[in-house]
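S.K.: Give me a 3D structure for the following:
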Amino acid sequence: MNFHGIIPPVVTLFDEAGNLDLELNRRYIDLLISQNIHGILLMGSSGEFSSLTSEEHKLYVREMIKHINGRIPVMVGVGHTALKEVLHLTSYAEEQGADGVLVVSPYYWKLSDEQLYRFYSMVADHTKLQVFIYNIPLLTGQSLNVELIKKLAEAHPNIAGIKETVSDFGHLRQVLTEVAKVRSDFRVFSAFDEHLLPAQMIGAAGSINGSAVFAPEISVNLYTSYQKGDLAEAEKNHQTLSKLMELYTFTPTYFTAMKEAVHQRWFNTPAGHRAPCDVFPANLRDNVASLLQTIKVGEGVQL
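M.R.: Alright, predicted model coming up:
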């Protein structure tokens, strides 16, 4: 399946004891699909892949892909510090029917461009799936440069695109411009909500943005409006998304606030969190509620 448009990097829902709540996750994914999203990302940064054991990761991926059942394209995050584990998780995602994998660059140690090239080449050679590079210097400690990305795209046809979680919009523009010289089919996805519209205007394939996990209709409407040439409607949604960026100031673990927004909007149960992220500011819930009211998000379909 071709990845494009709005792809929510879904949060992983736990019960109040911090255990995976598979049934609630199924309901959540159904709700997102009902809002006309174009694809879905499981086990991204927002999905707390770093908080799950390997067995929990595989259980969640297996059950969610089975439940989605081909309704939309599925991308699976396979991030890990050990290359062998990345390859194992990639194989597992492929076996379960994923359409692509999102591969964050190794974190903890900073690697040379030669080492990063070898890392991504080994992942690409290991699978027939579409491989998407994940550039998130905020969490990995280093940004992937344009020449490295271009070299990888030229050498590996199944390296299909990149998710650019970068504050420097100029970097995203350079990737679009330079990689297109060697791969016209290479897809660049923006990540920050406020980058969605400007990235569309210079040719991005879509967005894998945080607010889409709890207010997908805003991003979907922006994307479809722009595709139809309705710039006024696209700008209106862009202004709403820009306001939603405030959510990321509530707590350093962004997914904690995102998960709270999901529960406040759609579910009657308290959000479950896993230690140590079960400790957060006392005013978090009030801040999230206030933001949702301010932007008039709250009338979503109850499942």
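
S.K.: From here on, just use CA atoms for contacts and neighbour counts.
M.R.: Noted.

S.K.: what separates the residue lying closest to residue 194 once chain neighbours are set aside from residue 185, distance-wise?
M.R.: Spatial nearest neighbour of residue 194, chain neighbours left out: residue 242 (5.1 Å); criterion: C-alpha to C-alpha, 6 or more residues apart in numbering. Applying C-alpha to C-alpha, to the nearest Å, one obtains 29 Å for the distance of residue 242 from residue 185.

S.K.: what about residue 290, how many neighbours?
M.R.: Taking other C-alpha atoms under 10 Å as the neighbour definition, residue 290 ends up with a count of 12.

S.K.: now residue 204
M.R.: When neighbours are counted by other C-alpha under 10 Å, residue 204 comes out with 21.

S.K.: do the one 3 residues further on as well
M.R.: Each residue near residue 207 was counted by other C-alpha under 10 Å, and the total is 29.

S.K.: Distance of it relative to residue 239?
M.R.: Look at residue 207 and residue 239: by C-alpha to C-alpha, they are 16 Å apart.

S.K.: can you pull the pLDDT of the residue nearest to residue 194?
M.R.: Among the per-residue scores, residue 242 shows a pLDDT of 94.

S.K.: any idea how far it lies from residue 161?
M.R.: Using C-alpha to C-alpha, one gets 25 Å for the distance from residue 242 to residue 161.

S.K.: Looking only at neighbour counts, state which of those two leads.
M.R.: residue 161 (24 against 14).

S.K.: Let me know the helix or strand that that one is in.
M.R.: Element membership for residue 161, per DSSP states H and E: strand 159-164.

S.K.: How about residues contacting that strand?
M.R.: Judged by C-alpha atoms under 8 Å, 6 or more residues apart in numbering, the contacts made with strand 159-164 from elsewhere in the structure are 124, 130-136, 152-153, 172, 185-191, 208.

S.K.: can you check stretch 230-249 too?
M.R.: Stretch 230-249 is contacted from outside by 193-194, 196-197, 211, 218-219, 221-223, 225-226, 254, 257-258, 288, 291, 295, using C-alpha under 8 Å, 6+ apart.

S.K.: And it, what's buried?
M.R.: 234, 237-238, 240-241, 244, 247-248 (16 or more other C-alpha atoms under 10 Å).

S.K.: For the most centrally placed residue in the chain, name its beta-bridge partners.
M.R.: For the chain, the residue lying nearest the average C-alpha position, counting by C-alpha atoms, centre = their mean, turns out to be residue 9 (3.0 Å). Listed by DSSP bridges, the beta-bridge partners for residue 9 are residue 41.

S.K.: My guess is it contacts residue 38. True?
M.R.: No: distance between residue 9 and residue 38: 11.9 Å, which falls outside the contact criterion (C-alpha atoms under 8 Å).

S.K.: got the CA coordinates for stretch 19-36 in PDB?
M.R.: The C-alpha atoms that make up stretch 19-36 are tabulated as PDB, following Å, rounded to 0.1, in the frame of the first residue of the first chain:
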ATOM      1  CA  ASN A  19      -0.600  -3.100  31.400                       C
ATOM      2  CA  LEU A  20      -1.500  -3.200  27.700                       C
ATOM      3  CA  ASP A  21      -5.200  -2.800  27.200                       C
ATOM      4  CA  LEU A  22      -5.600  -4.600  23.900                       C
ATOM      5  CA  GLU A  23      -9.400  -4.100  23.700                       C
ATOM      6  CA  LEU A  24      -9.200  -0.400  24.400                       C
ATOM      7  CA  ASN A  25      -6.500  -0.100  21.700                       C
ATOM      8  CA  ARG A  26      -8.700  -1.800  19.200                       C
ATOM      9  CA  ARG A  27     -11.600   0.600  19.900                       C
ATOM     10  CA  TYR A  28      -9.200   3.500  19.700                       C
ATOM     11  CA  ILE A  29      -7.900   2.400  16.300                       C
ATOM     12  CA  ASP A  30     -11.400   1.900  15.000                       C
ATOM     13  CA  LEU A  31     -12.200   5.500  16.000                       C
ATOM     14  CA  LEU A  32      -9.200   6.900  14.200                       C
ATOM     15  CA  ILE A  33     -10.000   4.900  11.000                       C
ATOM     16  CA  SER A  34     -13.600   6.300  11.200                       C
ATOM     17  CA  GLN A  35     -12.000   9.800  10.900                       C
ATOM     18  CA  ASN A  36     -10.600   9.000   7.400                       C
END
